[in-house]
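*Asks:* Output the structure for:
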Amino acid sequence: MAGPGSKDAVVIGAGPNGLVAANLLVDAGWDVLVLETQPEVGGAVRTDTDVAEGFVHDAFSAFYPLSAASPVIPSLHLEEHGLRWAHAPAILGNPLPDGSWAMLHRDVEDTVAGLDAHAAGDGDAWRQLYDDWVTIGPSLVQALLTPFPPVKGGLATLARLPRVGGLDYVRTLLEPASTMGGKRFAAEAGQLLIAGNALHADIPMDASGSGLLGLLLAMSGQTVGFPVPEGGSGRLTQAMAARLRSKGGQIRTSTRVARVLVDRRRVHGVVTADGERIEARAVVADVAATALYGELVDWSELPSRVRRGMERYEHDPGTIKVDWALSSTVPWENPPPVAPGTVHVIDSMDQLSRTQTQITSHSVPSDPFLLVGQMTTSDPTRSPAGTEALWAYTHVPQVTHRDAGPDDITGRWDRDECERMADRMQARLEKYAPDLASRIIARRVMGPHEMQARDENLVQGALGGGTANFHQQVIFRPIAGLGRADTPVRGLFLGSASAHPGGGVHGAPGANAARAVVAAARTGRL
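*Replies:* Numbering: from 1, shown residues only. Coordinates of the predicted model:
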């Protein structure tokens with residue numbers, strides 16, 4: 001164990017992954033210190049009241065199906081530390097140009113009935129996907145979230161595979177989202193429930209991997225919902241911090257780590273921006289890979305292959321996010337049958353594909369896909385009765401060459417360009433809620449620069465810690481390696497979304513890093 005003035009482990013970053021890692025290390029008997037640059041914990045899981053008095057908005061992430069589906073976060077029993085989950089009446093809705101809605105209900109039979117109303121037989125197709133997921137989903141999620149190779153989850157998945165069709169189901173998992181939806185559902189409602197969820201990341205709709213992501217989110221929603229922390233997303237990370245402190249772990253905010261101490265490719269601790277040296281046997285970095293390699297750890301301390309790999313590292317797209325405080329609920333021209341917490345605004349599969357193509361070709365989308373959160377609908381504590389704490393975000397290119405819309409946006413994302421993009425996004429909502437503008441009490445717009453300023457891991461507004469495409473996943477995340485948290489520096493572990501399995505608030509990168517630390521200590525590799 002650590003001596004005076006030192007720690008067993010230092011965790012850099014108090015985002016959800018850093019806090020998961022710290023909690024699991026404390027559970028293993030380690031003396032742990034978490035250092036966070038920002039004045040509060042949470043990373044991209046934080047809440048504020050800056051938009052309007054009486055309104056609570058989530059600064060970044062808001063809905064947590066992967067937190068509920070993951071084996072990691074439920075194992076922390078955060079309800080014992082103040083966390084309470086809330087659910088909207090319905091999980092997800094997508095308004096359609098004909099006035100109808102594609103709906104994901106909390107009860108699968110309601111989802112089935114709704115899809116059958118769009119096209120006979122589409123409900124049965126959904127039920128088949130659901131039944132298969134109930135059989136194989138939990139073991140598959142475990143396999144997806146654990147280090148490569150996923151022995152326990154992989155074996156459990158293989159054991160269940162014959163019950164869902166064997167190799168034919170493997171083919172399903174490898175299908176692009178466009179195929180998975182298009183071959184099963186006659187109407188676009190069902191297709192958009194898969195494809196819209198897939199569009200939460202940046203995998204093309206016609207590429208393998210997009211179908212698996214769409215299925216994962218859609219079926220997680222159908223089985224565990226899209227829960228939100230009562231009182232704001234920050235309650236989730238605050239509960240993690242409270243648990244850590246209750247077990248003896250320490251957290252210091254407003255403390256920037258300037259350098260990881262490395263000698264002969266072995267970690268010795270960290271140095272803070274004010275010059276304080278903190279020695280440690282192990283360091284877990286909940287930071288972007290681009291901040292760890294070459295910044296916190298100098299290139300001279302790393303193999304040349306790391307620098308070559310990081311030169312090809314690819315971020316996921318940037319983000320523009322708009323928060324509104326509304327004087328009423330959203331005035332949908334054609335209200336949904338049941339109020340959903342999450343709303344996708346995309347008119348058709350063609351429009352979805354066109355939007356994604358525009359982003360990959362470095363164009364600002366003309367008709368952007370919106371991911372929308374009706375937060376008071378999900379959790380009535382978020383704003384006064386009869387009002388709505390609303391937000392929407394959309395993806396934009398990391399590097400912009402042109403604007404596919406009419407506003408000559410260049411991608412510099414200064415205040416003027418962010419506001420013009422917010423107007424474009426609001427117009428998308430007003431197509432389905434024409435009276436929206438008359439209900440706005442206040443509006444806040446955050447662009448890529450503001451997002452990165454609030455959380456340095458969100459490089460130019462990239463929410464996923466790096467592209468989710470196959471060439472940068474598993475053993476290629478963040479660079480070609482083992483698909484594990486280990487780094488070329490002995491005692492240094494990458495525990496952010498830049499590590500396998502990537503983005504999403506499931507805690508897996510942090511958990512994988514903590515387990516790697518404990519395993520390294522047990523086998524004498526620290």
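*Asks:* which secondary structure element contains Met310?
*Replies:* Element membership for Met310, per DSSP states H and E: helix 304-311.
*Asks:* Tell me the helix or strand right after that helix.
*Replies:* strand 318-326.
*Asks:* In terms of secondary structure, what does that next one contact?
*Replies:* When contacts are defined as 3 or more C-beta pairs under 8 Å, 6 or more residues apart in numbering; DSSP states H and E, strand 318-326 packs onto strand 388-396, helix 415-432, strand 440-446, helix 448-454. For the C-beta atoms, the positions are set from N, CA and C on the backbone; glycine is no exception.
*Asks:* Which elements pack onto the following helix or strand past that strand?
*Replies:* Where DSSP H and E defines the elements, the next helix or strand beyond strand 318-326 is strand 340-345. When contacts are defined as 3+ C-beta pairs under 8 Å, 6+ apart, strand 340-345 packs onto strand 90-95, strand 370-374, helix 375-378, helix 415-432.
*Asks:* quick one: least confident helix or strand in the chain?
*Replies:* Taking mean pLDDT, DSSP states H and E as the measure, helix 151-160 is the helix or strand of the chain with the lowest mean score, a mean of 92.
*Asks:* got a list of contacts for that one?
*Replies:* Helix 151-160 is touched from outside by Thr135, Ile136, Ser139, Leu140, Val141, Gln142, Ala143, Leu144, Leu145, Thr146, with contacts defined as C-beta atoms under 8 Å, 6 or more residues apart in numbering.
*Asks:* Find the nearest non-adjacent residue to the fifth one, please.
*Replies:* The shortest distance from Val141 to any non-neighbouring residue, by C-beta to C-beta, 6 or more residues apart in numbering, is to Ala69 (5.5 Å).
*Asks:* separation between that neighbour and Val505?
*Replies:* From Ala69 over to Val505 the distance is 11 Å, taken as C-beta to C-beta, to the nearest Å.
*Asks:* cool, and Arg415?
*Replies:* According to C-beta to C-beta, Arg415 stands 29 Å off from Val505.
*Asks:* so what's the closest residue to Val399 other than its chain neighbours up against?
*Replies:* Closest residue to Val399 apart from its sequence neighbours, by C-beta to C-beta, 6+ apart: His362 at 5.6 Å. If you count contacts by C-beta under 8 Å, 6+ apart, His362 has them with Pro397, Val399, Thr400, His401, Arg402.
*Asks:* Torsion angles phi and psi at His362?
*Replies:* phi 70, psi 30 (degrees, to the nearest 10).
*Asks:* Quick check: the gap between it and His401.
*Replies:* For His362, the distance to His401 (C-beta to C-beta) stands at 4 Å.
*Asks:* for Ser70, same thing?
*Replies:* In this view, Ser70 and His401 are 38 Å apart by C-beta to C-beta.
*Asks:* quick one, which of these two is more surrounded?
*Replies:* Neighbours per residue (other C-beta atoms under 10 Å) separate Ser70 from His401, with Ser70 holding more: 24 against 11.
*Asks:* Touching, the more buried one and Gly510? I think so.
*Replies:* No: judged on C-beta atoms under 8 Å, Ser70 makes no contact with Gly510 at a distance of 11.0 Å.
*Asks:* count of residues packed around Val396?
*Replies:* Quick note: Val396 (other C-beta under 10 Å) scores 27 neighbours.
*Asks:* ok, now which ones touch it?
*Replies:* Listed by C-beta under 8 Å, 6+ apart, the contact partners of Val396 are 317-320, 359, 364-365, 368, 411, 413, 421, 448, 461.
*Asks:* Now distance to Gly386, neighbour count and pLDDT too, for those residues, in CSV please.
*Replies:* As requested, those are exported to CSV (distance: C-beta to C-beta, whole Å; neighbours: other C-beta atoms under 10 Å; pLDDT from 0 to 100):
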residue, distance to Gly386, neighbour count, pLDDT
Pro317, 36, 22, 97
Gly318, 35, 26, 97
Thr319, 30, 21, 98
Ile320, 28, 27, 98
Ile359, 37, 23, 97
Val364, 35, 27, 98
Pro365, 33, 24, 98
Pro368, 29, 26, 97
Gly411, 39, 19, 97
Trp413, 35, 22, 98
Met421, 29, 24, 98
Pro448, 34, 23, 98
Gly461, 33, 26, 96
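*Asks:* ok, those residues vs Ala113, which is closest?
*Replies:* Top of the list for closeness to Ala113, among the contacts of Val396 and by C-beta to C-beta, is Pro368 at 31.0 Å.
*Asks:* Asp316 versus the closest one, what's the distance?
*Replies:* Distance, Pro368 to Asp316, by C-beta to C-beta: 16 Å.
*Asks:* Distance-wise, check Tyr169 relative to Trp133.
*Replies:* Using C-beta to C-beta, Tyr169 is found at 10 Å from Trp133.
*Asks:* repeat for Leu83
*Replies:* Applying C-beta to C-beta, the value for Leu83 to Trp133 is 26 Å.
*Asks:* quick revisit: tell me which of Arg415 and Val505 has more neighbours.
*Replies:* Taking other C-beta under 10 Å, Arg415 and Val505 do not tie; Val505 has more neighbours (26 against 11).
*Asks:* Would you state the strands of the stretch 401-526 of the chain in chain order?
*Replies:* 402-403, 440-446, 492-494 (DSSP state E, counting those that start in this stretch).
*Asks:* most packed of those?
*Replies:* Most buried of the strands of the stretch 401-526 of the chain, by mean neighbour count (mean count of other C-beta atoms under 10 Å): strand 492-494, with a mean of 28.
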